[in-house]
Structure formats: structure tokens, C-alpha cells
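Asker: Return a 3D structure for these sequence lines:
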Amino acid sequence: MTPESPSLKKQFGKRLQQVRGASGLTQEELAEKVGLTIESISNMERGIHGPSFDNLEKIVAALNVSAKSLFEFE
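Answerer: Numbers count the residues shown, from 1 in each chain. You can find the predicted model right below:
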């Protein structure tokens, strides 16, 4: 990672937002499916916090995608 590259949390967050949007879910709907607060989802999408492995598993199940797809950055 070069100094100007976004952090892994920021890249993951941007990708999570893209995938969530493509699935037609709001932050609120995803939060409800995963059992997290809207604030937690928002913080992940803004790259403030990353998900735990347990929450990552719940997110991929809720979005019906592979974990790998959430780490496929441009």
C-alpha cells in the first residue's frame, strides 16, 4: 500500500456501500438483517471501523455475496 492509497477499512467500506446499494438494501435494512445498529453499518461504510469476522459472515449472508467479493477493490 502506498502512502496515498486508501486504508483497507476505507476500501472495504466503499465496497460494502456499493454492494449494499446494488442489492437494494438501505443501511437500516442491512443493520436489521445483520443485528447491528445503523451507526455500525455507517461507520463501516465510512471506513471508521471494520467488521469482526462474525459480523462479516452475517453481512455476506444478508447480501448473498461471497466474502471475497467485498474485498475486490478497483
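Asker: residue nearest the centroid of this protein?
Answerer: Computing the C-alpha centroid of the chain and ranking residues by C-alpha atoms, centre = their mean puts Leu16 first, at 3.2 Å.
Asker: For this protein, just list every one of the helices.
Answerer: Along the chain, counting by DSSP state H, helices occupy 8-22, 27-34, 38-45, 53-63.
Asker: buried residues in the first one?
Answerer: In other words, helix 8-22. Of the residues in helix 8-22, Lys9, Lys10, Gln11, Phe12, Gly13, Lys14, Arg15, Leu16, Gln17, Val19, Arg20 count as buried by neighbour count, 16 or more other C-beta atoms under 10 Å. (Each C-beta comes from the backbone N, C-alpha and C, glycine too.)
Asker: The residue nearest to the centre of the chain touches Glu45, doesn't it?
Answerer: Yes - shown here, Leu16 and Glu45 form a contact pair, counting by C-beta atoms under 8 Å, at 5.5 Å.
Asker: Pull the number of nearby residues for the nearest residue to Ser40 once chain neighbours are set aside.
Answerer: The spatially closest residue to Ser40, leaving aside those adjacent along the chain, is Ala31, at 6.7 Å (C-beta to C-beta, 6 or more residues apart in numbering). Burial of Ala31, expressed as a neighbour count using other C-beta atoms under 10 Å, amounts to 18.
Asker: just use 111 as the starting number from now, easier for me
Answerer: Noted, 111 is the first residue going forward, which turns the last one into Ala141.
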